Structure formats: structure tokens, C-alpha cells
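**Student:** Sequence plus the predicted model coming up.
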Amino acid sequence: MTALLPKGEGLTEAQLMGDWQTIGFVEGHGNSNSPKEYSFTDASPLSGTVQYRLKQIDNDGKYDFSKEVEITVTAMPKAFVLEQNFPNPFNPSTVISYQLPAMSNVELKIYDLLGNEVAALVNEQKEAGSYQIQFDGSKLSNGVYFYKLQAEGVELTKKLLLLK
């Protein structure tokens, strides 16, 4: 069976089959009247919505296509990232976003100008991916604060400003 993707740019004519791109081959089990199961893993999926289908080729050269399967692929982060909070300045809440390239023990804390911890937002193990957390500063006074992400030996710090 041949695994196929919809036609894309920069492909050779040999890679194209109508409006679909050939991305792999799955060896068949030969002649059999008993049901067989086949699977294919795309080692380099594109980000976004992707469609797949299989082309089954019989011994006599006739072929048939499976139903299309559509999935959404999200790109995994390649590095630890701590985004600038938004909005900044804020009153009284803001959103802090961060990305993890691998499963990590994560700490995300807010500190005042003197280095005193004023809030612990995250303190747990997280899967690789992108995260957002809302911070409510309504119990804090106006001023400059820092938020720090610690994960797997990486420390990232950003400044935020609370204006009431």
C-alpha cells in the first residue's frame, strides 16, 4: 500500500500522483482472504491540518483508495521559551505563555523587585507543548514584578508591570 498526502509545492513529478504526494510504502501480506490490518507512521508530518489516504494495489495492477483521514498536527517547540505577558502593563490580570520542548518539572513564579516570591503559578511536571496561564494581580500593589520559568536547568525571566 502507498501512503499519500495532498499535492504540495516543491515536489518532483515522481513524488506526485494526481493531487496527492506519495510519502511512503507499506508492504502487503500477499494473497489472503482473511482481514489484515495496515498502518503507516509519518515521521515528518507537516504542521496544520493534514489529510492521508492509502492506495491498495492488487496483484493484477488494479488499485483502490481508502477513505481520507484528516488530522491536525501541532508543531512541538524546539526550545524552552517564556513569552512576554500580555497585556503589559496590566490591571488586574495578564496572560503568561511558555513552551517546553520535552517533559519537564516546571516552576513558574512571580517575584517583587526585592526578589520576594509573591505568587507560585505552576509547580508540576508538564508534557512538551505550549501553555498559557492567567495571573491575577488584584491583591498586589502597583509596581514592577518579575516572572521566572525554571525547567530542566533552564531559567528564563521577564518583567511585568501592574498599573491599577
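**Tutor:** Yes, it's here.

**Student:** so residue 79 touches residue 101, yeah?
**Tutor:** Yes. In this structure residue 79 lies within contact range of residue 101 using C-beta atoms under 8 Å: 5.7 Å. Glycine gets a C-beta too; all of them are placed from N, C-alpha and C.

**Student:** neighbour-wise, which of those two wins?
**Tutor:** Higher neighbour count among residue 79 and residue 101: residue 101, with 16 against 8, using other C-beta atoms under 10 Å.

**Student:** quick one: that one from residue 51, how far?
**Tutor:** Taking C-beta to C-beta, to the nearest Å as the measure, residue 101 falls 27 Å from residue 51.

**Student:** Just give the nearest non-adjacent residue to residue 94, would you?
**Tutor:** Using C-beta to C-beta, 6 or more residues apart in numbering and skipping residues adjacent in sequence, the residue nearest residue 94 is residue 85, 4.4 Å away.

**Student:** Also residue 97?
**Tutor:** residue 83 (4.0 Å).

**Student:** While we're on the residue in the chain sticking out farthest from the centre, how confident is the model there?
**Tutor:** Distance from the C-alpha centroid of the chain, by C-alpha atoms, centre = their mean, peaks at residue 60 (42.5 Å). Note on residue 60: pLDDT of 83.

**Student:** Equivalent analysis for residue 64, please.
**Tutor:** Note for residue 64: predicted pLDDT of 84.

**Student:** That one belongs to a strand, doesn't it?
**Tutor:** Yes. Per DSSP: H, G, I helix; E, B strand; the rest coil, residue 64 lies within a strand segment.

**Student:** For it, which residues are in contact?
**Tutor:** 55, 56, 58 (C-beta atoms under 8 Å, 6 or more residues apart in numbering).

**Student:** Can you tell me which of the residues you listed are buried?
**Tutor:** Buried residues within the contacts of residue 64, defined by neighbour count using 16 or more other C-beta atoms under 10 Å: residue 55.

**Student:** Save the contacts of residue 64 as CSV, and put in secondary structure and distance to residue 147 too.
**Tutor:** As requested, these are arranged in CSV below (DSSP: H, G, I helix; E, B strand; the rest coil; distance: C-beta to C-beta, whole Å):
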residue, secondary structure, distance to residue 147
55, strand, 51
56, strand, 54
58, coil, 61
